[in-house]
Every structure is written in C-alpha cells, then in structure tokens.
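Student: Sharing a model prediction with you, sequence too.
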Amino acid sequence: MSTSLPISITPAAEPIPDRLPTLHDFFAPGGMLSRSSLAFEHRRGQFEMARAIESAFKEKRHLIVEAGTGTGKTLAYLLPALRLARERQQRIIISTGTKNLQEQLFFKDVPFLESLLGPLKVCYMKGRSNYLCRHKLYALRDNPILHGLEEIDQFHHIAQWEKTTETGDRAEIDTLPETSQLWQKLDARSEACLGQTCPDWERCFITTMRRKALESDIVIVNHHLFFADLSIKQQAAGAPDAGVLPEAAAVIFDEAHELEEIASNYFGIGLSNQRIDELARDVEIMLRAKKASTAAIENASATLKERSRMFFAVLPAETAGLPAGTGRMPFHNREAFLEESGDYYTGVLNALTRLEGELEYLKNVEEAPGLRKRAADIRAHLAFLLESPDRNTVFWIERRAAGGVRNLARGASHAAFHTHLQATPIDVSELLTSTLFDNYSSVILTSATLTVSGGFDHIRRRLGLTTTRELVVPSHFNYEKQALLYLPPNMPDPREPDFADRAVERIRRVLEITKGRAFCLFTSYAQMRNVHDRLLAELPYPLLLHGTAPRHVLLQQFRDTPNAVLFGTSSFWQGVDVQGEQLSCVIIDRLPFAVPSDPIVEARMEAIEALGGKPFFDYQVPNAVITLKQGFGRLIRSLNDRGVLMLLDPRIQRQRYGRIFLESLPPYRLTQEITDVERFFQPQPQH
C-alpha cells in the first residue's frame, strides 16, 4: 500500500501576487482568459461550475458536479481553490484519477495559470513507492544481493542517477522497466522507513517533499495516494505524525466516479505471499549490511518463507474457467479451511512470532524495530483475514500472474502466481462519511460521468453523501453532429455461442469503412484476444493488443501509426485521450456489467437484497451505465473531433433496462443502418 509524497514545487523567484482575479474577471467575455494564449471561447458551463465551487467553499458545503467533456473543468476548480487558499491561508488538496491527469494539471494547467497570474505555490505528490530510498541504496551497495546481469546494470544506472536527481522520482529513469524487481528493493515504501532515526533522514527525498508540501497552497495527489493516506490516519486514530498528506481545508476529487472502488481497496486489508517474502528478504539485506544478522534470525526468516509457501499452497483454488488458475474467488468457508488446514495457518503465525522475538534481541540496530513492526502487522492482518467475524466485510482470494496481463498476453499457461488474501468492506458509505465528509469543510466531487438517467442518486447512495449541492454542466460539444451511435441490427445476445462470429463480421465491416483508426473495447480479456486473433488475417491495418506492451507505449504507437486499431480491456475505457482523426471510431462489444460472481460484486448485491432493494437495478445497471459513458467518452475529445460509436450488444434495445443506458448517454444521433456509417465518413461538402 503506497502513501504519498510531493515531487516538485513551482519556484517562487518572483513575488507571489497578493490578489487573484475574481471569477468574473477571469472567465467572462473580455476577461483575463480571453486575452490569454488559449483559443478562447466563453463557456457558460465552465463559469457556472467555478461559481458553484466558490459558493460551496464559502458556505462550507459539499458539492457534486457532472461536467461534460469539453467544459474546461480543471480551470473551473483550480481558480476557486487558489482563491480560497490565498484568502483563508488554508491548503486545498486536489485528487485526480490517474498520474497522467496529475501530470497534466501540474505541468500544463498550473504553468498556464502562472503565465496569467504570476507564481503560485503548488506541489505535486505521488506514492512513496515512486521514490528512491537512499538508505536502502547504500545498504545494497555495501552488500549487493543482485540477481543476474540485468539487475547489476540497473543498479549502476540508479546509483549514478542518485548523485544528480533532485526528486528521487523513478519516472526520471527512462531505461528502468516497469516490472523492475530491483526497484522494489530500493523504493521508499513506509514499511521499511526508519523515520527520524535514519542516518539519511535530512537528505531523504521524502523529507524534502514533505517540507515543500507544507509550504504549498495546493497539493495535487491521486486517489490511490489520498485513500492510502486516509486509511493510515484512520488506523493510527489521529496520531500526529500518521500519514504524509498535510492538513487541508477542502478536497477536490476529479474523476470522482472511481471513489467507491478505490476507497474499498484502501479501507480493506490484503496480504500476499510476496509481502511475506519481501519481509524475509529485507531482514536478510538490512541485517547483513549492518553485520548484525545472527544464525537464529536467518533460521527464523528461512522458516517463515517455507511456512508461508506451504500455507499459500493449500488455500482453496477453484477458479474455474480462468486462465491458468488466475482470478478472484470468494473465501466463504474460512471455518472449514481452518478445521482442515489450521496447522498451516498457525505455522505461519508461529514463524512470525518467532522472527519478532529474534529481532527483539537485536540492540542498537535502527532497522530492527521497523522490521519487527512489519512482522507484527502481517501477523495481525493474517489473523483478521482468517478469523474476523466482521459482517460488513467480504473475504476473498485472488491469484495474479506474476507478469500481469502482459504475461498472459504471451499465452503463459504455466506463469508464476502471486496469491493475495483480501478483506474488503461491502459498504464504504459510513466509512467515507466519518473519515472524509465529516472531516473537511468542503468536498467537491466532479467527473464527466456521475449521473444515471440525469440524477446523482446512485453515486450519493454508494458514497454516503447525504447533504450536498448538485450541478450538471452539459458538454460543450455538439454530439448530434459530431458523433453517430450505430447499433447493428439482428445481433445475437452476447451470451449466445454465435455472438463472437457475428461480432467479428460487424467489426470488420465498420473498420473497413473507418480505415482502422479505432479503439475496440472489451469487457473480457478472452473475448478481446479471440476477436483480435481472428481479425489479424482479415484486416490490412496495424492491430495493437492490450498486454503486449505497457499502456503508455501502446497509446503512443496508436497515435504514431496511421490507420491503427487498438484492442483493449478495462484500463483503456477511461483516462485515455486521443484527439483528432487518428481515433475516429470506438467499438464496444457488450454492456459492461460487472461479473456477478466477483466476490465484492456478489457481496454488495446480497447486501442490497437483504435490505429489500433490487441488486440488478440498484447496483449493476448504474455502474454499467457509468462505465459505458466512460468508454464512449474516449471518442469526442475536442470541438473538431468526429466519429462513430458502435455497440454490439442488442440488450440496449431489447431489454427494458436498455432505456436507462440510452437516457444516460449524450444525445448522439442513433442509427441501425450501415449506410449511415458509410455516409458519415464521406467527404463533407465545402460551403
């Protein structure tokens, strides 16, 4: 679980201006924005959103805003946030859905505002695992435990870079692979942090960043980091030094449709075989580096690894129908498991207790208390996962291929797995009310996709937002002219065996008309792979497949390759921005309902039913609506974009819930005629 750290702050060489312009002076026709380098067009929705945010700040109220694509929402929240911070001398946290959006805010939007307003005190924070720990680097240099030439080469690169970097952010090293095993031994995650007892505390990248955050008016983070920090503060019950985010008066969440899922992850508890292996490895590296290791400690560490391996091997494994045994499954029968295999469980607990005891004997070794605490935390988490009776928690097991989706893309049927034991809250609304909405005077939630059938009821219910202002800002785009939604006639239900054959035919026909230039988005990895492989021989266009390279590399290839088609699953449905003719078509195979057998989905649906609700209509449909809006939202990203959307799932027209999807989408022109798709791509007459 990574917590957060700032990486940079705008230098305050020039004096900070005393006053910032009013919203009217900035956004109105003839105002400061209209005189800037931006191609200005007054957007009423942008001004309206900025005013609603400023009012919420003044009245100390919460606000939820759906701002259609093209509203210019980042400027609409940045200026009111800066004005509040300046007037009240109070900090504002802005949390975004992804690091990409964070970077856009910090490296593009903030410098643009500075060009108009003068220097601003803004910093940008990432999770601790993005930063180098100098103490770990020096320990490894003095006692290298490196595997293979690749790790040795990476170590030399990192050691050279450490001498010159000001931030310690791994993003600066272009040559370091995303999956680098070495980086995990060197990053600044809190489990191994010595805090102020560390000999490298003053020069620590984390320490420097924290100081800068305390000097800032605005701190830009991402949701993962925000909720990791909130969870640490909650567990520490308000201890003064818990977490790393500084105090703030208000929080703005951009891409707020993701909050329930991300909050659930961080308010839950997880334990993997990796986490236990990493503890054993760190005991080895740290203590050998200090020449403080003993035979008893090394023996306890080896026993822990062996007992852990045996315990994770006997966990239930019925993941039918999933590639090579990967995937999630509920852990319903914990009592039966303990009756049958309790010895393996107590074996791990005893090995952890023994390691804690051996570490207790070590005196004057600053790493020992941190390592001992890690062992104690793992022991407490394991006990909770196997024995807790908490009724608002779903317990489940997940097996992930060690190389992630890219490993599966290579068809690795015998891939190595990491096994994760997880406990997730079923309902996070009360947790969010007590830790978030009651703790900040204003929380602003915004996204292009928060409403279902025009209302916020679903998101408010799921997040526990009882009293809040609401605003819907329609998109600035002319969807009726810019986009065509094609629903091909006579498609079978996606659950029918001939669906894939018909889908391949329809996709091929549309891609021939669009000359590639498309995203094909799927709800399942197997379906994506199947359709991609069958079209490979039938289409003359470059086909890019999710999993064959990192996401940002595939996106860049898509932008740089004429007529390319990108086949993607969940992570390409949102947070991806490709403007212009290069992306002229988005094809979606089926309505994106969550898999009902997923342990968390299943537990949430059962909880809704127990309260007399209708799980399908109260949970499945609204979530699928928001996901579909996100997927289709990839297409029209600017006033000049044009394109066709195709949904192959006939249930949107045949089932009564289909109306909810159609009501919730932007006002696209709708057709079932392939000739309309052909006509859409014919050259436009010049007037």
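Tutor: Received, thanks. Bear in mind that the values here come from a model prediction, so they are computed numbers and not experimental data. Numbering: from 1, shown residues only.
Student: any idea which helix or strand comes after the helix or strand of the chain with the lowest mean pLDDT?
Tutor: In the chain, no helix or strand scores lower on mean pLDDT, DSSP states H and E than strand 4-9, which sits at a mean of 43. Next helix or strand after strand 4-9 toward the C-terminus (DSSP states H and E): helix 23-27.
Student: Tell me the buried residues in that next one?
Tutor: For helix 23-27, the neighbour count (16 or more other C-beta atoms under 10 Å) marks 23, 26, 27 as buried. Glycine gets a C-beta too; all of them are placed from N, C-alpha and C.
Student: Would you reformat the residues you listed as CSV and include distance to residue 604 and pLDDT?
Tutor: Shown next, in CSV, are the buried residues of helix 23-27 (distance: C-beta to C-beta, whole Å; pLDDT from 0 to 100):
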residue, distance to residue 604, pLDDT
23, 40, 93
26, 43, 93
27, 41, 91
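Student: As JSON lines, the residues you listed with distance to residue 282 would be great.
Tutor: Shown next, in JSON lines, are the buried residues of helix 23-27 (distance: C-beta to C-beta, whole Å):
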{"residue": "23", "distance to residue 282": "51"}
{"residue": "26", "distance to residue 282": "51"}
{"residue": "27", "distance to residue 282": "52"}
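Student: Look up how far residue 521 lies from the nearest residue to residue 573 once chain neighbours are set aside.
Tutor: Nearest residue to residue 573, sequence neighbours excluded (C-beta to C-beta, 6 or more residues apart in numbering): residue 631, at 4.4 Å. With distances taken as C-beta to C-beta, to the nearest Å, residue 631 is found 5 Å from residue 521.
Student: Pull up the overlap in contacts between those two.
Tutor: 573, 586, 588 (C-beta atoms under 8 Å, 6 or more residues apart in numbering).
Student: Nearest to residue 476, out of these: which one, please.
Tutor: residue 586 (19.3 Å; C-beta to C-beta).
Student: Roughly how far does that closest one sit from residue 100?
Tutor: Taking C-beta to C-beta, one finds residue 586 at 19 Å from residue 100.
Student: ok, back up a step: check what pLDDT the residue nearest to residue 573 gets.
Tutor: Residue 631 is assigned a pLDDT of 92 by the prediction.
Student: That one sits in which helix or strand?
Tutor: Using DSSP H and E, residue 631 falls in helix 621-632.
Student: can you pull out the helices in the stretch 51-200 of the chain?
Tutor: Assigned by DSSP state H, counting those that start in this stretch, the stretch 51-200 of the chain shows helices spanning 73-88, 99-104, 110-117, 134-142, 148-162, 181-186.
Student: Would you point to the one among those that's packed deepest?
Tutor: helix 73-88 (a mean of 22; mean count of other C-beta atoms under 10 Å).
Student: CA atoms of stretch 210-221 as CSV?
Tutor: Output of stretch 210-221 as CSV, limited to C-alpha atoms (Å, rounded to 0.1, in the frame of the first residue of the first chain):
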residue,chain,number,x,y,z
ARG,A,210,7.0,16.9,2.9
ARG,A,211,8.6,20.3,3.7
LYS,A,212,7.6,21.5,0.3
ALA,A,213,4.0,20.3,0.7
LEU,A,214,3.8,22.3,4.0
GLU,A,215,4.7,25.4,2.0
SER,A,216,2.1,24.9,-0.7
ASP,A,217,-1.4,26.3,-1.2
ILE,A,218,-2.5,23.5,-3.4
VAL,A,219,-1.3,19.9,-3.2
ILE,A,220,-2.0,17.7,-6.3
VAL,A,221,-2.3,14.0,-5.5
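Student: That one - what's its average pLDDT?
Tutor: Mean predicted lDDT for stretch 210-221 stands at 91.
Student: What residues sit buried inside it?
Tutor: So stretch 210-221, judged by 16+ other C-beta under 10 Å, has buried residues 210, 212, 213, 216, 217, 218, 219, 220, 221.
Student: Quick check: the fourth one is in a helix.
Tutor: This means residue 216. No - under DSSP: H, G, I helix; E, B strand; the rest coil, residue 216 falls outside any helix and is assigned coil.
Student: My guess is it contacts residue 120. True?
Tutor: No - Residue 216 lies out of contact with residue 120 (C-beta atoms under 8 Å); the separation is 9.0 Å.
Student: hey, what's in contact with both of these two?
Tutor: Contacts common to residue 216 and residue 120, judged by C-beta under 8 Å, 6+ apart, are absent.
Student: Kindly provide the distance from residue 99 to residue 298.
Tutor: With C-beta to C-beta as the criterion, residue 99 and residue 298 are 39 Å apart.
Student: residues near residue 172, how many?
Tutor: 14 (other C-beta atoms under 10 Å).
Student: Name the nearest residue to it, ignoring sequence neighbours.
Tutor: residue 165 (6.0 Å).
Student: any low-confidence regions in this protein?
Tutor: Within the chain, the segments meeting pLDDT under 70 span 1-18, 40, 143-144, 191, 237-242, 318-325, 403-415, 684-687.
Student: Helix, strand or coil: sort out residue 443 for me.
Tutor: Of the three states, residue 443 takes strand according to three-state DSSP.
Student: Might you report the residue contacts of the nearest residue to it once chain neighbours are set aside?
Tutor: Distance criterion C-beta to C-beta, 6+ apart; nearest residue to residue 443, sequence neighbours excluded, is residue 62 at 4.8 Å. Contact analysis of residue 62 by C-beta under 8 Å, 6+ apart lists 56, 437, 442, 443, 444, 445, 465, 467, 468, 469.
Student: bridging residues for the fifth one?
Tutor: This means residue 444. Residue 444 has the following beta-bridge partners by DSSP bridges: residue 63, residue 252.
Student: I'd say it and residue 94 touch.
Tutor: No - the pair residue 444 / residue 94 is not scored as a contact, 9.1 Å apart, by C-beta under 8 Å.
Student: who touches both of the two?
Tutor: 77, 251, 252.
Student: residues near the second one, how many?
Tutor: The local packing count at residue 251 equals 25, with neighbours defined by other C-beta under 10 Å.
Student: May I ask which of the contacts of residue 62 has the most neighbours?
Tutor: Busiest of the contacts of residue 62 [other C-beta under 10 Å] is residue 444, holding 28 neighbours.
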